[in-house]
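Asks: Build me a model from this:
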Amino acid sequence: MTSPDEPGVSIGDVSHSTFAIGSHAHAESHHHAAPRDPAAEELLAAVRELRADLGRVRDTDQTRALAATLADTEDEITRTGTAGESRRQRLRELLTDAQAVLTLFASAGAVAGLLGM
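Replies: Predicted coordinates:
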């Protein structure tokens, strides 16, 4: 038990962290991105390009929703090496909803093509 004069120690979320405790402790971390197949690599590149293009259009509810889902997709592919079917389906829906704006961008066509649309 600690006395009132001793400092308290609190450790929060340590996921994706490396730490060592003790006078002779040593911590070493090796974080690697998940391996991706060529199709996931291609989708990731197209998603990044479309995200960049969306920054060039007027901000609407549709473009904000699409941008958020693209960001989530990029994160998922980076972390896991693939985009799950539910994420792909959500992207398909948002691309369909934003069709009028997205016809301006070849990047939207690339993402749609990689999603089988």
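
Asks: Could you find the closest non-adjacent residue to Tyr44?
Replies: No, residue 44 isn't Tyr; it's Leu. Nearest residue to Leu44 in three dimensions, chain neighbours excluded: Ile77, at 4.7 Å (Cβ to Cβ, 6 or more residues apart in numbering). Bear in mind the C-beta positions are built from the backbone N, C-alpha and C, glycine included.

Asks: One more: Leu43?
Replies: If the residues on either side of it in the chain are set aside, Leu43 comes closest to Leu114, at 4.8 Å by Cβ to Cβ, 6+ apart.

Asks: what residues are up against Thr60?
Replies: Listed by Cβ atoms under 8 Å, 6 or more residues apart in numbering, the contact set of Thr60 reads Val101.

Asks: so which helix or strand takes in Arg88?
Replies: Assessed by DSSP states H and E, Arg88 sits inside helix 85-97.

Asks: All the helices of the chain, residue numbers only.
Replies: For the chain, helices defined by DSSP state H occupy the ranges 38-54, 61-80, 85-97, 99-102, 106-114.

Asks: The fourth one packs against which elements?
Replies: Based on contacts counted as 3 or more Cβ pairs under 8 Å, 6 or more residues apart in numbering; DSSP states H and E, the elements that helix 99-102 packs against are helix 106-114.

Asks: can you list contacts of the helix it packs on?
Replies: 39, 42-43, 46-47, 49-50, 52-53, 91-92, 95, 98, 102.

Asks: got JSON lines for those residues, with pLDDT too?
Replies: JSON lines is the format used below for those (pLDDT from 0 to 100):
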{"residue": "Ala39", "pLDDT": "91"}
{"residue": "Glu42", "pLDDT": "94"}
{"residue": "Leu43", "pLDDT": "95"}
{"residue": "Ala46", "pLDDT": "94"}
{"residue": "Val47", "pLDDT": "95"}
{"residue": "Glu49", "pLDDT": "92"}
{"residue": "Leu50", "pLDDT": "91"}
{"residue": "Ala52", "pLDDT": "92"}
{"residue": "Asp53", "pLDDT": "88"}
{"residue": "Leu91", "pLDDT": "93"}
{"residue": "Arg92", "pLDDT": "92"}
{"residue": "Leu95", "pLDDT": "88"}
{"residue": "Ala98", "pLDDT": "79"}
{"residue": "Leu102", "pLDDT": "70"}
